[in-house]
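Predicted model follows, preceded by the sequence.
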Amino acid sequence: MTSTVVKGARTATARWRMLAVERFRLLALLHGDRGPLAVLLSSHTAAALAPAAIALCGGWLVSRISDVSALGAPPSTLALPLTAIAALLLVEQAALSVRGDVEFLVAGRIDGRIRGEVRRLATRPLGVEHLARTDVAALVSRASDIGHGARRSPGRAATGQLTLTFRLVAALASAAVVAQVSPPLAAGLLLASLLMRATIRRQWLRLAHADTERQPHLDRVRYWDRLGSQGAAAKEIRLFGLSRWLTSVRVDEERRWSEPLRALRLSILSRQHWIYLLGFGAGAAALLVPGLTVLGTDLPHSALFSCVVAAFAVLQMGAMGIEAFDIEYGRAAVGALDSLRARFPTDQEHPAPTPDTAVPSPPRIQVRDLTFTYPGGEEKVFDGLDLDIRPGEVLAVVGRNGAGKTTLITMLGGLIEPDAGVVSVGGTPLPALDPTHWRRRIAVVFQSANRYPLTLADNIALGAPEHRDDRAGITRVAAATGVDAIARALPLGLDTPMSRDLTDGRDLSGGQWQKVALARAMFAVHHGRDLLMLDEPTAHLDVRTEIDFHRQVRDLARGVSVLIVSHRMSTVRHADRIVLLRDGRVAEEGSHDELLALGGEYHDFHRLQTARFAENSPSTAGNDAEGVGT
């Protein structure tokens, strides 16, 4: 029994020690902006000491009133204490007003610093594998859900901790005034206030924790809200008559989120009665004890007045303000940030990069015995893959869904690392290359390329962002890829913002955006990128535009190694070499004609696509089947 008690005491002590460290760490976030911090500390100090000072000046005023009524002192003697009280009230109100504005400023700057650090931590790894891990994604989400209007704000937690600290200072200052009349009353009121606050905090923070645990349900409610209001989804919902169904799903999801919280809230409210009794008893004592003291002693009425006013100022500590929730939510964000710091330390060493000049241009890329499985996956994407990309050739990669075609592009970019095997560039292992320099030799067109809310010119220039001021190059590439025709239909041409949310902004069709993505890659090639990787580059293009695409790639990417990933045989048939992936390895390899003659899986793909095109377009199958279905 004794050992259990000792163990419990040690656990409680360790918990309180950890809590104290966390609180001091929150205060440490306030370092930096000395000017705003000085103003914030001054306003807190003034607001914290004002109640005790007002209580003392109130007693001073009562003493002067007694002198006027009993001793016939002139009424002018009341001017000084009245002026002091008025000045203190004005100072207190001014301090509270200034404090609110400065807290907003300081909290915003803290959150800005932490948002920047979260971004640096999330982008510190050279690849993107960590972003696919659910635990890392959860940490990033908790650490970055900060700032104005967000739930977790380290800035508001830091300013909230400062507010709580000065509330304690205010209670101690007022308790010192009460102690001049009755030290036991001062200690009792202070203890009662702290007990009420601790109990209320523990009860209501249960609600905060439950709210955090039910965050996935709230996320789903928000998802259904967005789904009903977004353009493409909103159109489909109305056309299929899904509005009522969507509303009912959203209501059911909100009920699952809110009803447990509502029940917990009612449960907490039902247990508040004894806190009300404790508050009532403390308030009664604040009146009764000074009154009995006056009756039993020669305590002046001025001291009685100061004691009562100060006593109720002490009881203000028992109320729990919003700062408690700010602290709790902010601690969650700081904890997530600490976990990210531990996972991605700033002193993590990387091997000294091989100079970029060590890799010839265009590069020879060799993949040897590559093995890879996605985290949490069971089947191997690559299982002993061997592949060469020869300098200056056009290599096409085909295969069924899940064969690893897009994964190969991601791996060649150094964004994910294989479980085993090696990717070498010009004889140098890829991990040994400087990733920044290597990626400046790569141009990529993904099937779902990014659509930046910038001008059309910037959407092209971001292929080589260090050359964004090359207006002539942007114009030349736009003309070569057909984007100039798109620009002519826009109100500001190449300077039109590519977002309907911006002034004079416009959006484009899927095929037009794919043209822009191609122009972005060609702008990169124009500025020295010598490995062009195209992931389903013609997925949104019509037949004629697809033919133009092949011509553009041949004309603009001369002397560049090109890797094309596609399901469409018409996209890959003109490649110098085609490889078909199956079961994590190269199953077939050769030119288009060689693979057709082989009669394997590539031949089956070609036959199925040709037959599908013939069925859909019988009048043109004889003329275009070779260009589209193969």
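Now that the structure is in, tell me what you want to look at.

how distant is the longest helix anywhere in the chain from the center of its chain?
The helix that spans the most residues within the chain, counting by DSSP state H, is helix 79-123. Computed by CA atoms, centre = their mean, to the nearest Å, the chain-centroid distance of helix 79-123 equals 25 Å.

Mind pulling up the pLDDT for residue 473?
Looking at residue 473, its pLDDT reads 91.

same check, this time on residue 39
Predicted confidence (pLDDT) for residue 39: 90.

tell me the angle the helix or strand hosting it makes with helix 79-123.
Using DSSP states H and E, residue 39 falls within helix 34-71. Between helix 34-71 and helix 79-123, the angle formed by their directions is 160 degrees, by axes from the mean of the first three to the mean of the last three CA atoms, to 10 degrees.

and helix 34-71, how far from the chain's centre?
The answer for helix 34-71 is 45 Å, by CA atoms, centre = their mean.

looking just at contacts, which helices and strands does that helix meet?
helix 79-123, helix 154-179, helix 301-315 (3 or more CB pairs under 8 Å, 6 or more residues apart in numbering; DSSP states H and E). Quick note: C-beta positions are derived from backbone N, CA and C, even for glycine.

Reformat the ones you listed as a markdown table; add mean pLDDT, distance to residue 431 and mean neighbour count.
Below are these laid out as a markdown table (pLDDT from 0 to 100; distance: least, CB to CB, whole Å; neighbours: other CB atoms under 10 Å):
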| stretch | mean pLDDT | distance to residue 431 | mean neighbour count |
| --- | --- | --- | --- |
| helix 79-123 | 85 | 18 | 16 |
| helix 154-179 | 88 | 35 | 23 |
| helix 301-315 | 86 | 64 | 22 |
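
residue contacts, residue 217?
Neighbouring residues of residue 217 by CB atoms under 8 Å, 6 or more residues apart in numbering: 253, 256, 257.

about what we covered before: which stretch among the helices and strands packed on helix 34-71 approaches residue 412 most closely?
With CB to CB, the closest approach to residue 412 among those belongs to helix 79-123: 19.6 Å.

Can you list the buried residues in the helix holding residue 39?
By 16 or more other CB atoms under 10 Å, the buried positions in helix 34-71 come out as 36-37, 39-40, 43-44, 46-65.

relative to helix 301-315, how tilted is it?
Note on geometry: by the same axes, to 10 degrees, helix 34-71 and helix 301-315 are set 150 degrees apart in direction.

picking up where we left off before, now which of the contacts of residue 217 would you call buried?
Neighbour counting over these (16+ other CB under 10 Å) leaves 253, 257 as the buried ones.

ok, so of the contacts of residue 217, who is nearest residue 561?
Closest to residue 561 out of those is residue 253 (49.5 Å), distances taken as CB to CB.

per-residue confidence for that closest one?
At residue 253, the model reports a pLDDT of 86.

Isn't it up against residue 222?
No - in this structure residue 253 lies outside contact range of residue 222 using CB atoms under 8 Å: 9.6 Å.

want to try a markdown table for the helices and strands packed on helix 34-71, with distance to residue 605 as columns?
A markdown table is the format used below for the helices and strands packed on helix 34-71 (distance: least, CB to CB, whole Å):
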| stretch | distance to residue 605 |
| --- | --- |
| helix 79-123 | 38 |
| helix 154-179 | 54 |
| helix 301-315 | 80 |
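
Nearest to residue 342, out of the ones you listed?
Nearest of the helices and strands packed on helix 34-71 to residue 342, taken as CB to CB: helix 79-123 at 10.1 Å.

what angle separates that closest one from helix 154-179?
Between helix 79-123 and helix 154-179, the angle formed by their directions is 150 degrees, by the same axes, to 10 degrees.

hmm, back to that, from the contacts of residue 217, pick the one nearest residue 448.
Of all those, the one sitting nearest residue 448 is residue 253; the distance, using CB to CB, is 27.5 Å.

Helix or strand: which one has the closest one?
Following DSSP H and E, one finds residue 253 within helix 243-270.

List the buried residues for that helix?
By neighbour count, with 16+ other CB under 10 Å as the criterion, the buried positions of helix 243-270 are 246, 249, 250, 253, 254, 257, 258, 261, 264.

Now do the contacts for residue 502.
If a contact means CB under 8 Å, 6+ apart, then residue 502 has residue 453 as its contacts.

give me that answer again for 10 Å
Residues counted as contacts of residue 502 (CB atoms under 10 Å, 6 or more residues apart in numbering) are 453, 454, 455, 496.

Ok, residue 476 next?
Residue 476 sits next to 470, 484, 522, 523, 526, 556 when contact means CB under 10 Å, 6+ apart.

what secondary structure does it sit in?
Put simply, residue 476 is helix when judged by DSSP: H, G, I helix; E, B strand; the rest coil.

From residue 106, how far out is it?
Distance of residue 476 to residue 106, computed by CB to CB, to the nearest Å: 50 Å.

circling back: looking at the contacts of residue 502, which has the most residues close by?
For the contacts of residue 502, neighbours were counted using other CB atoms under 10 Å, and residue 455 has the most, 22 neighbours in all.

quick one: pLDDT of that one?
91.

gap between it and residue 52?
As defined by CB to CB, residue 455 lies at a distance of 61 Å from residue 52.

How about residue 222?
Counting by CB to CB, the gap from residue 222 to residue 52 is 46 Å.

Contacts only, for the closest residue in space to residue 40 that isn't next to it in sequence.
Nearest residue to residue 40 in three dimensions, chain neighbours excluded: residue 102, at 4.6 Å (CB to CB, 6 or more residues apart in numbering). Under the criterion of CB under 10 Å, 6+ apart, the contact partners of residue 102 comprise 33, 35, 36, 37, 38, 39, 40, 41, 42, 43, 44, 159.

thinking residue 206 is in contact with residue 264, fair?
Yes - in this structure, residue 206 is within contact of residue 264 by CB atoms under 10 Å, at 6.8 Å.

Residue 369: what secondary structure?
Residue 369 falls in the strand class when you classify it by three-state DSSP.

Kindly tell me how buried it is, as a neighbour count.
Residue 369 - counted by other CB under 10 Å - has 13 other residues nearby.

Check which helix or strand residue 386 maps to.
Secondary structure assignment for residue 386, by DSSP H and E: strand 382-389.

Output the contacting helices and strands for that strand.
Identification of packing neighbours for strand 382-389 by 3 or more CB pairs under 10 Å, 6 or more residues apart in numbering; DSSP states H and E yields strand 365-372, strand 394-399, helix 405-412, strand 420-425, strand 561-565, strand 577-582, strand 585-590.

Just the buried residues of it, please?
Of all the residues in strand 382-389, those buried under the rule 16+ other CB under 10 Å are 382, 383, 385, 387, 389.

likewise stretch 201-219?
Neighbour count says stretch 201-219 has 201, 203, 204, 205, 208, 211, 217, 218 buried, by 16+ other CB under 10 Å.
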